[in-house]
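Chemist: quick check, what structure comes out for this input:
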Amino acid sequence: MADTTSSSPFTAPQLTAPRTAIVTGSDSGIGRATAVALAQAGLDVGITWHSDEDGAKETARLVEQEGRRAVIAQLDTTDAPACGDVVDRMAEQLGGCDVFVNNAGLNGGTPFFETDWETWRTTVAGDLDGAFVCIQRMARRMVDAGRGGRIIGVTSVHEHQPRVGSAAYDAAKHGLGGLLKTLALELGEYGITCNAVAPGEISTPMNDAEDVDPHEQHRPGIPLGRPGDAREVAAVIAFLASPAASYITGASLVVDGGMLQMGPQAGSHLVSDDWRRL
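Modeler: This is a model prediction of the structure:
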């Protein structure tokens, strides 16, 4: 049993009743599902979009349908540090930011030798640089408010295991996971928890699977036999945002139907080198 005695009077503040959240990239997919889940939990929600303003408006409608307030802004995470000004303005409109969910980012990739500098920089900027700026801005607000807070980054299973043809994406997601772990150490004294959620294959527009029921799709390489639903990821994010998760920080919760556990199975059962090419 851990020694619970201490000579220090220090106690971090606790976020007992979160009221406001910002979810980046919430015009569709995991971001939209998360915005709705947080609204259902009683939070007003800031919604950002990059190219789909109509999608963001639909997310706002769904949030308002739950009886909560929604604010919308365009956000380009490759435009750092200006993207920090966007989330700052949203926090002002909401009256604060108790929960910040960094979901916006870029997908895809090219083989290492085909990755030019512009592709590398755009991917790392969109998935890591912008995240750093936005998280830093919201963390400062949480510290100043003195109520604690929640910072949650949507990474990927590729935060933990690489994928052929995704050098820039894998590097950025590994970096975001490492950033959140470091912040768990540095921000704990302020009562701010910092965690990652690492989805596997999820049926979302990013994965070209909009409006597809994942329960009707077959994936032999996933123990549960199907892709995930965005709402299944959102439920984990909403848990981490809640008072029930007050003692979880520095974690990366994988939501992948068991896919990462297939590593040794794949290693012993692959019969060709096809996996070496896209």
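Chemist: low-confidence ranges, the chain, go.
Modeler: 1-9, 205-211, 267-268 (pLDDT under 70).
Chemist: run through the strands of it in chain order.
Modeler: 20-23, 44-49, 70-74, 99-102, 149-154, 192-199, 202-203, 228-229, 252-255 (DSSP state E).
Chemist: ok, which of those strands comes nearest Q93?
Modeler: Shortest distance between Q93 and the strands of the chain, using CB to CB, is found for strand 70-74: 4.7 Å. C-beta coordinates here come from the backbone N, C-alpha and C atoms, glycine included.
Chemist: in that closest one, what counts as buried?
Modeler: Buried residues in strand 70-74, counting neighbours by 16 or more other CB atoms under 10 Å, are found at 70-73.
Chemist: again with stretch 127-139
Modeler: Judged by neighbour count (16+ other CB under 10 Å), stretch 127-139 contains these buried residues: 127-135, 137-139.
Chemist: and for stretch 43-58?
Modeler: Along stretch 43-58, these residues count as buried under the neighbour rule (16+ other CB under 10 Å): 43-50, 55-56.
Chemist: nearest to N195, of those?
Modeler: Sorting the buried residues of stretch 43-58 by how near they are to N195, with CB to CB, puts L43 at the top with 17.0 Å.
Chemist: who's in contact with the closest one?
Modeler: Applying CB atoms under 8 Å, 6 or more residues apart in numbering to L43 gives the contacts 18-21, 68, 98-99, 241.
Chemist: from R163, how far off is V236?
Modeler: V236 is 22 Å from R163, where distance means CB to CB, to the nearest Å.
Chemist: what do you get for E216?
Modeler: Counting by CB to CB, the gap from E216 to R163 is 25 Å.
Chemist: about what we covered before: so which of the contacts of L43 wins on neighbours?
Modeler: Each of the contacts of L43 was scored by neighbour count (other CB atoms under 10 Å); the top score is that of A21, with 31 neighbours.
Chemist: that one and G96 touch, don't they?
Modeler: No: with contact defined as CB atoms under 8 Å, A21 and G96 do not form a contacting pair (9.9 Å).
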